[in-house]
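In: Okay, sequence plus prediction incoming.
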Amino acid sequence: MTLSAATMRDLRPYLGDSRVLITAHMRPDPDAIGSVLALREAVLQVGGTPTCMLEDECPVRCKVLPGAPEIKVAKDCGGLPPFETVIVADSGNRDRIGEVESFVAPHARIANIDHHVSNTRYGQLVLLDCDAAASGEVLYEIFIELGLRITSSVAANLLAGILTDTGRFRHSNTSPTTLRIAAELVEAGASLTQLTEQLYFSIPAQDLFSTSQVLSSLEFFADGQISTMFVPRDYAVEDPDNLIDLGRAIDGVEVAVLFSEMKDNRIRVSLRSKSRINVSEIAERFGGGGHERAAGFRMYGTMQTVQQRLLPVLSEALQSR
Ligand SMILES: [Mn+2]
C-alpha cells in the first residue's frame, strides 16, 4: 500500500501553519522521536512554526538525535494556548498522545502519519502506509513528494526510526524499499555506525543490572513455545525491546511476552512472535494493537493475573496454527 502523491501533498498546508503542534505516542521510541524531529525540520523548511511536544521525556538513548532538546514535555507546557494544526506521528490511535491531547483545540485539523496496521484512521488527513517498516519510511516518501530537503539531520532522524523498528534490519518488515530508503539516508549524511553505537551500545550500567533481574523471572509455557518475563515497577529499563528480543531469541520460542508494571496500576503487555502467530490480532482482543510480529496492550491487574488471562489465548492461537 503506497500513499498517493495527492494525499501526501495535502500535508503541505499543515506544515506551513504559523502554529503547528507536532507529537507522537507516549513512551516514545526512536521512530517516534525521529519522526517528530524530521517533521520539525519539514515545518521550518516550509516556513511554518513548529512546537514539538510529547507526554513523556525523551529517552536517554534518543537525546543524541539532532534537535532532540527542542522536544517539550506536556506537563511543562501549562498555559500554552491550544493548537489548531496538529501532526501526529507513529501513533496507532489518538489516545496514545496522552496529555498532549489537552493542547489540541476542539476543532483542530489533525494529520495522522503512521505505519501501524491497527491505526484507527483518526484525523482529517490520514497518511498511513502499513507496508512501511517505520514512520520514518513514510516520512521519507513525504519529504521526496513535497520536494523537501533531506538534510543530514533529517536523514539521521529518519534512519534512527527505520533502524530500530526493523530491529536493525532483521525483522520481516524489512522490505527492499526499506533498504533502498536506508541507503538514500546514508547517502544524505546519516551515519549507520554512529546511530547503532548511540542507540544500542551506550546502555546505562543500571539497565544491565535490571536486565539480569528480569531474566531471572523467565518462565516457559506450551512446551517451550511461549516465554514470559516480568518487569516490576521500580526497575528502570531504558530499552524494553532489548529484553523482549532476548525472550524471543530462545530456541523453540514462538511468542515472547514481557509484563511491565505501570505507575497507574495497569500492566503493560508486550508481545513478539517469530513466524506463526499474528500478535497484533491478539493485542487487539485486549484493546491494544501493533504489528503482526510486534504488538502490545495494557490491562488492570497484577502481572500474574494478566499472565493467567493471556496464556490460554496464546496457547489456543498456537494450537490453531
Ligand atoms: Mn514506528
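Out: That came through, no problem.

In: my read: Ser275 touches Glu254, true?
Out: Yes: proximity of Ser275 to Glu254 meets the contact threshold set by C-beta atoms under 8 Å, at 7.3 Å. C-betas here are computed from N, CA, C, even on glycine.

In: Between these two, which has more neighbouring residues?
Out: Using other C-beta atoms under 10 Å as the criterion, Ser275 and Glu254 rank with Glu254 on top: 20 against 9.

In: From Ile203, how far off is that one?
Out: Using C-beta to C-beta, to the nearest Å, Glu254 is found at 27 Å from Ile203.

In: cool, Met26 as well?
Out: 22 Å.

In: repeat for Asp95
Out: Relative to Ile203, Asp95 is positioned 30 Å away (C-beta to C-beta).

In: And the two? Which one has more around it.
Out: Shown here are Asp95 and Ile203; by other C-beta under 10 Å, Ile203 has more neighbours (15 against 12).

In: Backbone dihedrals for that one, please?
Out: phi -70, psi 130 (degrees, to the nearest 10).

In: and if you look at Glu197?
Out: Per degrees, to the nearest 10, the backbone of Glu197 is at phi -60, psi -50.

In: and what of Val73?
Out: The phi/psi pair for Val73 (degrees, to the nearest 10) reads phi -100, psi 140.

In: try Arg272
Out: The phi/psi pair for Arg272 (degrees, to the nearest 10) reads phi -140, psi 140.

In: That one and Asp114, how far apart?
Out: For Arg272, the distance to Asp114 (C-beta to C-beta) stands at 20 Å.

In: Check Asn157 too.
Out: Taken as C-beta to C-beta, the span from Asn157 to Asp114 is 16 Å.

In: Next: Val100.
Out: 15 Å.

In: go on, Ile71?
Out: Ile71 is 18 Å from Asp114, where distance means C-beta to C-beta.

In: Run a quick neighbour tally on Arg233.
Out: Neighbour count of Arg233, defined by other C-beta under 10 Å: 12.

In: actually Pro50, not the one I wrote
Out: 23.

In: For it, which non-adjacent residue is spatially closest?
Out: Spatial nearest neighbour of Pro50, excluding adjacent residues (C-beta to C-beta, 6 or more residues apart in numbering): Val43 at 4.0 Å.

In: buried set for the helix or strand harbouring the one you found?
Out: Counting by DSSP states H and E, the element that carries Val43 is helix 30-46. Neighbour counts over helix 30-46 (16 or more other C-beta atoms under 10 Å) mark 30-43, 45-46 as buried.

In: List the strands paired with whichever helix or strand comes after that helix, with their directions.
Out: For helix 30-46, the succeeding helix or strand toward the C-terminus, using DSSP H and E, is strand 50-54. Sheet pairing for strand 50-54, assigned by DSSP bridges, gives strand 20-24 (parallel), strand 72-73 (parallel).

In: Got the confidence number for the residue of the chain found nearest the ion?
Out: Nearest residue of the chain to the ion, counting by C-beta to the ion: Asp31, 3.4 Å away. Note on Asp31: pLDDT of 98.

In: Does it touch Leu163 like I think?
Out: No: applying C-beta under 8 Å as the test, Asp31 and Leu163 come out as separate, 9.1 Å apart.

In: for this structure, which strand is longest?
Out: strand 104-114 (DSSP state E).

In: quick one: Thr164 and Asp245 touch, right?
Out: No: counting by C-beta under 8 Å, Thr164 stays clear of Asp245, with 11.3 Å between them.

In: Looking at these two, which is more packed in?
Out: Shown here are Thr164 and Asp245; by other C-beta under 10 Å, Thr164 has more neighbours (25 against 17).

In: May I ask which helix or strand encompasses the more buried one?
Out: helix 152-165.

In: Now that helix: average pLDDT?
Out: 97.

In: With stretch 223-241 instead?
Out: 86.

In: ok, and for it, which residues are buried?
Out: 225-231, 235, 237-241.

In: sorry, back to before: direction included, what does the longest strand of the chain pair against?
Out: Strand pairing for strand 104-114, determined by DSSP bridges: strand 83-89 (parallel), strand 125-128 (parallel).
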